[in-house]
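1. Below are the sequence and a predicted model for it; my questions follow.
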Amino acid sequence: MTVFQWRVVGLVGLVLGYLSSAAAASREVVFALDLSGSISESEMQLEINGIKNTVSEIIPRDGSVRVGVVVYSDRARVLLPLTPVTTSSIATIIHPALDSVATHEYRWGATNLADALFKSRTLLGGPGSVTTADYIILVGDGEDNRTSPEAVFNECEASLNAGVRVCAIAVGATPAGAEQLRMIAEHTGGEYGEAAEFSQFDPICADCLGIIATPRGRMDTSRKGSLLVYSNVEVRWDAGGNVIQDTFLEMSNDYPDSVAVQLYFVNGDLPSAIEPGWNILDNVIHLTQDESTYWSAATGLPKGVSPWSALDPGPPPGRPDADVPGARVLRGAVYAWAVDRFNGQIRWNHLSGKAMIVNYADASAAEYPVWAAQAMGVEHGLRVGQGGVLRLNGLDYEQAPDQLILDFVASGSMALSGGGALVGVDTDLTLHPVSVDFRQETTGPVLTKARFDIWNENEVRFSNTEVCVSCWHQQLLSAYASIPNHFLLGNLQTNKGKARIDGIASIAVCGPQSVNAALIGVSVRELGFEGGQRRGLTGGALVGAGDEAAQILYDVLTGPSEVRERASTLDGESIFESIR
């Protein structure tokens, strides 16, 4: 028996052992890879890396999809039996099988597309197949030179009659080869695309697999999640150092077991010559089963986290407050996500929270819900993706919103007056990118331009209101420096308006470092009574629209030197072993 045959036997044994404990999958995908002599070594590696990336990035890792691998040249052969896709199976079964392709005994030879389709379809319809959706993703340079066009056509017909969609990805194909691959895909209702680098596999496969690969869910402010974001945390002090405004953060664990939560406090203001800015502070708290807790940002009590002033302790703490002469302010955001005892992020879709800003000087307060993203792809309590990388891509965590919708009352409007009282209105809007790098070796804050498309009550659209957002941004709508500022009553021309907010790259406005970025935030409506002598606050959630990927990076805490992390087990749970 050859070395390769021993390797295959080992993989098959591992797959069979895994299948015995895996839940039944409802959908199956077979990848057919071209090993013929017309495929160069670089193209071979492109095929391998493209499929590996697709399995990792596009297909859910909850066991609901099974994948298999067929390789072909003069003839086709099953390399990997159908295997449920989970975090563990990707690392221990699927990726190792794909890595073995380059040294397969079928390397070189002619191109037999007909046999590749036959073996792939047979694998999909084999014993135990009870799936509701079957797919073949045929990868290669096309143009069958082993059989005949009629044989390829017959296999396309057989796939079509069996309800199997064939999608084709051309790698290094000639015009004739590309055309044959396109015809195969079109005949079976599949997608066709060409890939010159492995990242181009993703959109083709996503279009092919449809509902399998459709990103599921978008973070919002109405549900529980494994990741929470408190977009606006503010503490203010008067000239004597007394707290005149605080923010109370609430968090609940709606599950009958305890969990650790990683916290990152973010100083939202930019650094100056004398004040720190854009700096962070991390804490880890523990929530017992069904615990509901809270803490004051000013003191960190009663939960016992670091006081907010630790971000800029002074003395005096914070920086001068431009809105209140003589006062000082410290403001920013808090990120929180569930982690295991080794600080890796886990699925724990039972966290919820809200925040309340209390202004003691004005005797006013505003409450707002937090943004929450659910984890997916693994079972409850297990690691989500790679430790230290929270990917909001619809597969690890729900995606971020592509745009935000803000309903507002025009600044300067008196539309809410009544009962003999004149009431002025303004809105304090907080925005920040979802993506953030908390690592010590950080790449710095994300910079993007918030572009506002604004409509008034008469459906008249206004543009050119914009602001650069780096790390975190907070401002009254009346204070936006854009010319014109369409949030002002005189420019909007109606009392009520709607704004669509999008984070986009803009070299002209924000510089060459600006990027497209998903934004989240919160609005606080300020009501002025008695000519502004008294103030009322009301918090409001922004509404997300569309989906956009985001990423949160952090340094996973390392354990003591006598403990090291070993490879994951088949059910996705990490094993740690002592080194004695």
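-> Structure's in. What do you need?
2. Quick one: residues contacting G544.
-> With contacts defined as CB atoms under 8 Å, 6 or more residues apart in numbering, the neighbours of G544 are 218-220, 400-405, 520. (Glycine included, C-beta is placed from N, CA and C.)
3. quick one: which helix or strand includes it?
-> Assigning secondary structure by DSSP states H and E places G544 in strand 543-545.
4. cool, M44 as well?
-> In the assignment (DSSP H and E), M44 maps to helix 41-57.
5. Counting neighbours, which bits of that helix end up buried?
-> 43-44, 46-57 (16 or more other CB atoms under 10 Å).
6. Point out where this structure drops to low pLDDT.
-> Screening the chain residue by residue with the criterion pLDDT under 70, one finds the ranges 1-26, 126-132, 210-216, 532-533, 558-580.
7. Taking the centroid of it, which residue is nearest it?
-> The chain has L392 as the residue nearest its centroid, 0.8 Å off, counting by CA atoms, centre = their mean.
8. Leaving out chain neighbours, which residue sits closest to that residue?
-> A550 (4.3 Å; CB to CB, 6 or more residues apart in numbering).
9. How about V543?
-> When the adjacent residues along the chain are set aside, V543 lies closest to I405, with 4.1 Å between them (CB to CB, 6+ apart).
10. Which residues are in contact with that neighbour?
-> Contacts were defined as CB under 8 Å, 6+ apart; by that measure I405 touches 498-501, 542-545.
11. Any idea how many residues pack against the closest residue to S258 other than its chain neighbours?
-> Spatial nearest neighbour of S258, excluding adjacent residues (CB to CB, 6+ apart): T288 at 4.9 Å. Here the neighbour count serves as a burial measure; for T288 (other CB atoms under 10 Å) it reads 11.
12. The one 10 residues further on too?
-> In terms of burial, A298 registers 21 neighbours under the definition other CB under 10 Å.
13. Tell me which helix or strand it sits in.
-> In the assignment (DSSP H and E), A298 maps to no helix and no strand.
14. again with I137
-> strand 133-140.
15. F153 now?
-> Mapping F153 onto the secondary structure by DSSP H and E places it in helix 149-161.
16. now the next helix or strand along the chain from that helix: how far from the chain's centre is it?
-> Past helix 149-161, heading to the C-terminal end, the next element that is a helix or strand (DSSP H and E) is strand 164-170. For strand 164-170, the gap between its own C-alpha mean and the chain's C-alpha mean amounts to 27 Å (CA atoms, centre = their mean, to the nearest Å).
17. same for strand 164-170, what does it pack against?
-> Using 3 or more CB pairs under 8 Å, 6 or more residues apart in numbering; DSSP states H and E as the contact criterion, the elements in contact with strand 164-170 are helix 113-124, strand 133-140, helix 149-161, helix 175-187, strand 192-194, helix 201-209.
18. so which of the ones you listed comes closest to D340?
-> Closest of the helices and strands packed on strand 164-170 to D340 is helix 201-209, at 28.8 Å (criterion: CB to CB).
19. hey, C-alpha coordinates of that closest one in CSV?
-> Included here for helix 201-209 are C-alpha records, laid out as CSV according to Å, rounded to 0.1, in the frame of the first residue of the first chain:
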residue,chain,number,x,y,z
PHE,A,201,-13.8,31.6,-5.2
ASP,A,202,-16.0,33.0,-2.5
PRO,A,203,-18.5,35.1,-4.5
ILE,A,204,-18.8,32.4,-7.2
CYS,A,205,-19.5,29.7,-4.6
ALA,A,206,-21.8,32.0,-2.6
ASP,A,207,-23.9,32.7,-5.7
CYS,A,208,-23.9,28.9,-6.4
LEU,A,209,-24.8,27.7,-3.0
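20. quick one on the thing from earlier: out of the buried residues of helix 41-57, which one sits closest to G193?
-> Distances from G193 to the buried residues of helix 41-57, taken as CB to CB, are shortest for G50 (10.8 Å).
21. my read: I204 touches E191, true?
-> Yes: with contact taken as CB atoms under 8 Å, I204 and E191 are classed as touching, separated by 6.0 Å.
22. Between the two, point out the one with more neighbours.
-> Between I204 and E191, counted using other CB under 10 Å, the more crowded position is I204 (25 against 22).
23. returning to what we had before: would you mind giving the contacts of G544 as a markdown table with distance to E186 and secondary structure added?
-> Formatted as a markdown table, the entries for the contacts of G544 read as follows, by distance: CB to CB, whole Å; DSSP: H, G, I helix; E, B strand; the rest coil:
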| residue | distance to E186 | secondary structure |
| --- | --- | --- |
| R218 | 33 | strand |
| M219 | 37 | coil |
| D220 | 38 | strand |
| A400 | 35 | strand |
| P401 | 35 | coil |
| D402 | 31 | coil |
| Q403 | 34 | strand |
| L404 | 39 | strand |
| I405 | 39 | strand |
| I520 | 41 | strand |
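24. From these, keep the buried residues only.
-> In terms of neighbour count (16+ other CB under 10 Å), the buried residues within the contacts of G544 are 218-220, 400-404, 520.
25. I'd like those written out as TSV, with distance to L537 added.
-> TSV is the format used below for those (distance: CB to CB, whole Å):
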residue	distance to L537
R218	28
M219	25
D220	22
A400	27
P401	24
D402	29
Q403	26
L404	20
I520	20
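26. ok so, going back, got the helices and strands packed on strand 164-170 as TSV, with distance to E457 columns?
-> As requested, these are arranged in TSV below (distance: least, CB to CB, whole Å):
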stretch	distance to E457
helix 113-124	56
strand 133-140	47
helix 149-161	53
helix 175-187	49
strand 192-194	45
helix 201-209	40
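27. Ok, which of those comes nearest T86?
-> Between T86 and the helices and strands packed on strand 164-170, the shortest gap by CB to CB is with helix 201-209, which sits at 17.1 Å.
28. and after the closest one, which helix or strand comes next?
-> For helix 201-209, the following helix or strand on the C-terminal side (DSSP H and E) is strand 227-237.
29. tell me what the next helix or strand after that following strand is packed against?
-> The first helix or strand that comes after strand 227-237 along the chain, using DSSP H and E, is strand 243-253. On a contact count with 3+ CB pairs under 8 Å, 6+ apart, strand 243-253 meets strand 227-237, strand 280-287, strand 292-296, strand 351-359.
30. Make a markdown table from those strands and add mean neighbour count and distance to I483 to it.
-> Converted to a markdown table, the helices and strands packed on strand 243-253 look like this (neighbours: other CB atoms under 10 Å; distance: least, CB to CB, whole Å):
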| stretch | mean neighbour count | distance to I483 |
| --- | --- | --- |
| strand 227-237 | 25 | 27 |
| strand 280-287 | 16 | 34 |
| strand 292-296 | 17 | 40 |
| strand 351-359 | 20 | 30 |
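31. Those: which one's closest to W337?
-> The stretch from the helices and strands packed on strand 243-253 with the least distance to W337 (CB to CB) is strand 227-237; that distance is 4.3 Å.
32. Next, the angle from the closest one to strand 243-253.
-> An angle of 160 degrees separates the directions of strand 227-237 and strand 243-253 when computed by axes from the mean of the first three to the mean of the last three CA atoms, to 10 degrees.
33. strand partners of strand 227-237, parallel vs antiparallel please.
-> Paired neighbours of strand 227-237 in the sheet (DSSP bridges): strand 243-253 (antiparallel), strand 328-339 (antiparallel), strand 371-373 (antiparallel).
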